[in-house]
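Peer 1: My questions concern the predicted model and sequence given below.
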Amino acid sequence: MKHPSIALTTMLLVQACSSTPIAPPEDNTGAPTSLVITSNVDTVESIGERIDLSATATDAAGGTVEGTVSWVSGDPRIALITQTGRLTSVNNGTTVLIAQLDLLRDTIEIVIAQKPTSVTIESVSDTARSIGIRQRMRATVRDAQGVGIATERAKPTWSTSDPTVARIDEPGKVLPTGRGTADVIVTAGDAVGTHPLTVFPSISVEIDTALAERMQWALEDSTVSRRLRSVTASVTIGDKVWTGVSGRSNDLAEAKPDMLYGWASVTKTAVGAATMLLVEDGALSLSDNVGTWFSDLPNIPTTVTVRQLLQHTTGIFDYVIHPNLTTSRNADTQRVWTPREIIENFVTTPIFTPGERFSYSNTNFIVLGMIIEEVTSKTVAQVMRERLWVPNQLNAMFLLGQESSSGTIATGWSDISGTGTLQDFAIFFGPATHSLRWTAGGIFATATDMALWGRALYTAKAVTQGSLDEMNTFIDPMAGSTVWTGAGLGTLRYQFGNKTTWGHAGAISGFSSLMIYSPDDDVSIAVAINQDAGSHNFAHFRITEALLNLAR
């Protein structure tokens, strides 16, 4: 075996004697030595826009070198780029794009800044009802692709066509200054948007202007955030009154402060007051029983007393939950139902012995209405007008079905089909609906008059202090309730934070409402919405609470 060193020496000698030349070092002539990105723009003005970029590689001699360039976006949240160099803008901002070929790379900074091409002004109302109360409007700025641009980037400017009618004292806050019509104008870049505003002052501002604005904005915010058709509200602070409205009655008409809304079971406060006035007259007693006037009402125990009717401790079946009520109403919308027919058709066996406990029943107030008419030989509507509305100068309170209204009634919206879609309730708005509600929930009124009614009732102007004390003697209606904490005679007790209030809520097809009075603050609040309570998760309670917190 040869020694390894000898073999290696032999091989080197052979190579040295060979005639084959040794290969020279590799020639790098033509290799890329630089890479440069070329682009005709460094700013992209719309989201979704596409731009083709390119990168050129050159060698040491300045010649172009072919090769596959790879591309990377420094921030894909701002812009994307394909391996062929096509950029797609994604969002506003700045990003670095990187081109790479072998060990060479180049970068370019691209700014995505949308250019406004359209401006849309949004407002819950095209009409200002008070001079000096600012209305908030919102502007939406969009680019050519229809993508919204943040207003802080677009920097829109606001103005009006006639400062004597309205002016802008803050971005989006329109201050009505005089009667007439003016355009609200927003400019963003070359884009311009306009929105008409009619100033038709129908509400005088009796309270502090800044407070009135905050209350109005509370309505507007609720209309937008809770997708309400409309909301009307009135607040009395002492003897000063504020009224506001937001939204639309229907697609063709804005809601107005003088429109009538359905107040449903808030009606029971008036029935309670009318009953107490008859007690004051000595025409009846709270201990009188139904048998004194009616001995043949099916499923109405004759031993039930007037007090038990007012306080819902009768055990009488609630007619509004009878399965045939709605179908019977819809079968003949022009039929006028008498109170006796309501009881005969929709009241079944009592659910407990009179006086045993509390259970809310609308039937109790139908019976009370019958007693009032039996005692006075007048309609309940007449009694209310003569004893409650006229003495307290309330001209926009109506018990529909027994009297006609003199104002425009807001369109009620209801889930008629049970599918979750609100429909115009007008097809069922007539004699059958009104007569079936009657003294359980038939009053329609403006928010202003309802708030004034609350103050008149709970400051003992509508009834004596003794009668009010009787009405405000409360029992616990429902264990565990955090808002509704007491049932009195035709009135309920509600707790909002640390504030105890008296009043009543209401819910009927097409409307939901709440009227309360805070005795600690001498504040009365009435709120009504023209759609079913379940469709907005009882927003009338949240709006009332917001107004109470502002007013006190």
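Peer 2: Arrived safely. Numbers count the residues shown, from 1 in each chain.
Peer 1: give the contact list for V483.
Peer 2: Neighbouring residues of V483 by CB atoms under 8 Å, 6 or more residues apart in numbering: Y494, Q495, F496, F541. No exception for glycine: its C-beta is placed from N, CA and C like everyone else's.
Peer 1: what does Y458 give?
Peer 2: Contacts of Y458 were listed using CB under 8 Å, 6+ apart, and they are L468, W502, G503, Y517, P519, S524.
Peer 1: tell me the pLDDT at the last one?
Peer 2: Per-residue confidence at S524 stands at 98 (pLDDT).
Peer 1: ok so, going back, emit the ChimeraX select command for whichever of the contacts of Y458 are buried.
Peer 2: Here is the ChimeraX command that picks out the buried ones among the contacts of Y458, judged by 16 or more other CB atoms under 10 Å:
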select :468,502,503,517,524
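Peer 1: Could you point out which of the contacts of Y458 is nearest to E386?
Peer 2: Proximity of those to E386 (CB to CB) peaks at L468, which lies at 19.8 Å.
Peer 1: my read: the closest one touches L457, true?
Peer 2: Yes - applying CB atoms under 8 Å, one finds L468 in contact with L457, separated by 7.5 Å.
Peer 1: Against E344, how distant is T198?
Peer 2: Look at T198 and E344: by CB to CB, to the nearest Å, they are 52 Å apart.
Peer 1: no, scratch that, I was asking about S404
Peer 2: From S404 to E344 the distance is 27 Å (CB to CB).
Peer 1: Just the helices from the chain, written as ranges.
Peer 2: Remark: helices assigned in the chain by DSSP state H are 4-17, 151-154, 209-225, 267-281, 306-311, 325-331, 339-346, 363-376, 380-384, 431-441, 447-458, 465-471, 539-551.
Peer 1: could you give me the average pLDDT of the fourth one?
Peer 2: To tie it back to what came earlier, the one meant is helix 267-281. The pLDDT scores in helix 267-281 average 98.
Peer 1: now the longest one
Peer 2: Computed over helix 209-225, the mean pLDDT rounds to 95.
Peer 1: Can you spell out which helices and strands pack onto that helix?
Peer 2: Helices and strands touching helix 209-225, by 3 or more CB pairs under 8 Å, 6 or more residues apart in numbering; DSSP states H and E, are strand 135-136, strand 230-237, strand 240-250, helix 539-551.
Peer 1: can you list these in JSON lines and add distance to F511?
Peer 2: Listed next are the helices and strands packed on helix 209-225 as JSON lines, based on distance: least, CB to CB, whole Å:
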{"stretch": "strand 135-136", "distance to F511": "25"}
{"stretch": "strand 230-237", "distance to F511": "10"}
{"stretch": "strand 240-250", "distance to F511": "12"}
{"stretch": "helix 539-551", "distance to F511": "10"}
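Peer 1: Of the ones you listed, which stretch is the most buried?
Peer 2: Mean neighbour count (mean count of other CB atoms under 10 Å) peaks for strand 230-237 among the helices and strands packed on helix 209-225, with a mean of 26.
Peer 1: Just want to know which of T198 and E344 has more residues nearby.
Peer 2: T198 (17 against 12; other CB atoms under 10 Å).
Peer 1: who's the more buried one bridged to?
Peer 2: Taking DSSP bridges, one finds T127, T181 as the beta-bridge partners of T198.
Peer 1: residues contacting it?
Peer 2: Counted by CB under 8 Å, 6+ apart, T198 has contacts D126, T127, A128, G180, T181.
Peer 1: If you average pLDDT per helix and strand, which one of this protein comes out bottom?
Peer 2: Using mean pLDDT, DSSP states H and E, helix 4-17 stands out as the lowest-scoring helix or strand of the chain, at a mean of 33.
Peer 1: Quickly note the distance from T379 to H540.
Peer 2: 29 Å.
Peer 1: now V199
Peer 2: 28 Å.
Peer 1: can you check R134 too?
Peer 2: From R134 to H540 the distance is 24 Å (CB to CB).
Peer 1: Same check on G534?
Peer 2: If you go by CB to CB, the gap between G534 and H540 works out to 12 Å.
Peer 1: cool, and S125?
Peer 2: Distance of S125 to H540, computed by CB to CB: 19 Å.
Peer 1: swap in S159?
Peer 2: 37 Å.
Peer 1: cool, L228 as well?
Peer 2: L228 is 10 Å from H540, by CB to CB.
Peer 1: T187 now?
Peer 2: In this view, T187 and H540 are 39 Å apart by CB to CB.
Peer 1: try L286
Peer 2: Taken as CB to CB, the span from L286 to H540 is 31 Å.
Peer 1: got a list of what the residue nearest the centre of the chain touches?
Peer 2: Nearest to the geometric centre of the chain sits R226, at 2.4 Å (CA atoms, centre = their mean). The contact partners of R226, by CB under 8 Å, 6+ apart, come to H536, N537, A539.
Peer 1: For the stretch 401-550 of the chain, just list every one of the strands.
Peer 2: Secondary structure of the stretch 401-550 of the chain, counting by DSSP state E, counting those that start in this stretch: strands at 413-414, 423-424, 443-445, 484-487, 492-496, 499-508, 511-518, 523-529.
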